[in-house]
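S.K.: prediction below, plus the sequence it came from.
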Amino acid sequence: MGSITGRKSILMTALRVVPAAGLLLFLLIQFSSELIGIAFYAMGRAQNCSFEGAMDAVGAFDKQESVAASMKNLSRLVEKDAHGFELWDTPGGKYWVPAGGSQVLFDDMAEQERGIYSTRNRGVKRGDVVLDCGANIGQYSRVALAAGASKVIAIEPVPSNIEVLRRNLKDEIASGKVVIVEKGVWDKDGSLEMFIEADNIAAHSFVVDREKTGKKVQLPLTTM
């Protein structure tokens, strides 16, 4: 009953605010998630994606949300230190995250569970040296090592992420399997303002202006 009532409310709102020309598309998207891919393809919003790819993306999105929710349910907060850093015990091991970063942790775990970097046999091969650009808290660095990488160069410019990166990969750093580079990746050496998103550790950007929701920090750059 709650679901029906909710959909009725959505429909009534749509009738008030959505122009008639777009109402059919709105209803298709709201009431059949499988048609999202068709809608985006038809509107030309999937420029670099085939029709089949657009359809597959819908299933991938649904799976991403489902797996992330499962990871969250199977995890627990173990510790929170004086600086706000949180230690989580998860199905993928223990991870430190900056304050408020737990949802990104679960989202990233879901991405690795789905193997987003290993499609079409393009994943890490045994003996590879991996450049983890934007290493964040080190999840993919761990995945790469587990897949057989001989070494991971974890490149990360944000100080709070670097702190937890060092905690999460302490043993791997000590053994020489992980080398941390405290810089961002660019087309030349130097420095650049990064927009730090206050509530999303995965949204920090040298490119996207997040001044209204975060702050600017001057950070060093390197090339590959």
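M.R.: Good, I have the coordinates.

S.K.: any idea which element the most centrally placed residue in the chain lies in?
M.R.: Centroid-nearest residue in the chain: residue 108, 5.0 Å away (criterion: CA atoms, centre = their mean). Assigned by DSSP states H and E, residue 108 falls within helix 102-114.

S.K.: could you pull out the buried residues of that helix?
M.R.: Buried residues in helix 102-114, counted by 16 or more other CB atoms under 10 Å: 102, 104, 105, 106, 107, 108, 109, 110, 111, 112, 113. No exception for glycine: its C-beta is placed from N, CA and C like everyone else's.

S.K.: next one: stretch 76-85
M.R.: For stretch 76-85, by 16+ other CB under 10 Å, it's residue 85.

S.K.: what about residue 121, neighbour count?
M.R.: Residue 121 has 6 neighbours, counted by other CB atoms under 10 Å.

S.K.: then residue 195?
M.R.: 19.

S.K.: wasn't it part of a strand?
M.R.: Yes - residue state for residue 195 (DSSP: H, G, I helix; E, B strand; the rest coil) corresponds to a strand.

S.K.: in stretch 64-72, what's buried?
M.R.: Going by neighbour count (16+ other CB under 10 Å), the buried part of stretch 64-72 is 64, 67, 68, 71, 72.

S.K.: got it, and stretch 150-158?
M.R.: By neighbour count on 16+ other CB under 10 Å, the buried set for stretch 150-158 is 151, 152, 153, 154, 155, 156, 157, 158.

S.K.: the last one contacts residue 196, doesn't it?
M.R.: Yes - applying CB atoms under 8 Å as the test, residue 158 and residue 196 come out as touching, 6.9 Å apart.

S.K.: list residues touching both of these two?
M.R.: 204, 217 (CB atoms under 8 Å, 6 or more residues apart in numbering).

S.K.: before we move on, the earlier item: what's the mean pLDDT across the helix holding residue 108?
M.R.: In this model, helix 102-114 has an average pLDDT of 88.

S.K.: report the residue spans of the protein with pLDDT below the cut-off.
M.R.: 1-48, 51, 53-58, 119-120, 210-213 (pLDDT under 70).

S.K.: show me where the chain has helices.
M.R.: Using DSSP state H, the helices of the chain run over residues 2-17, 20-31, 35-42, 51-73, 102-114, 139-146, 159-168, 170-174.

S.K.: ok, the buried residues of stretch 150-158 vs residue 170, which is closest?
M.R.: residue 154 (12.4 Å; CB to CB).

S.K.: check contacts around that closest one.
M.R.: 132, 135, 138, 141, 165, 169, 178, 179, 180, 181.

S.K.: just the buried positions in stretch 158-173, please.
M.R.: Within stretch 158-173, the residues that count as buried by 16+ other CB under 10 Å are 158, 160, 161, 162, 164, 165, 166, 167, 168, 169, 172, 173.
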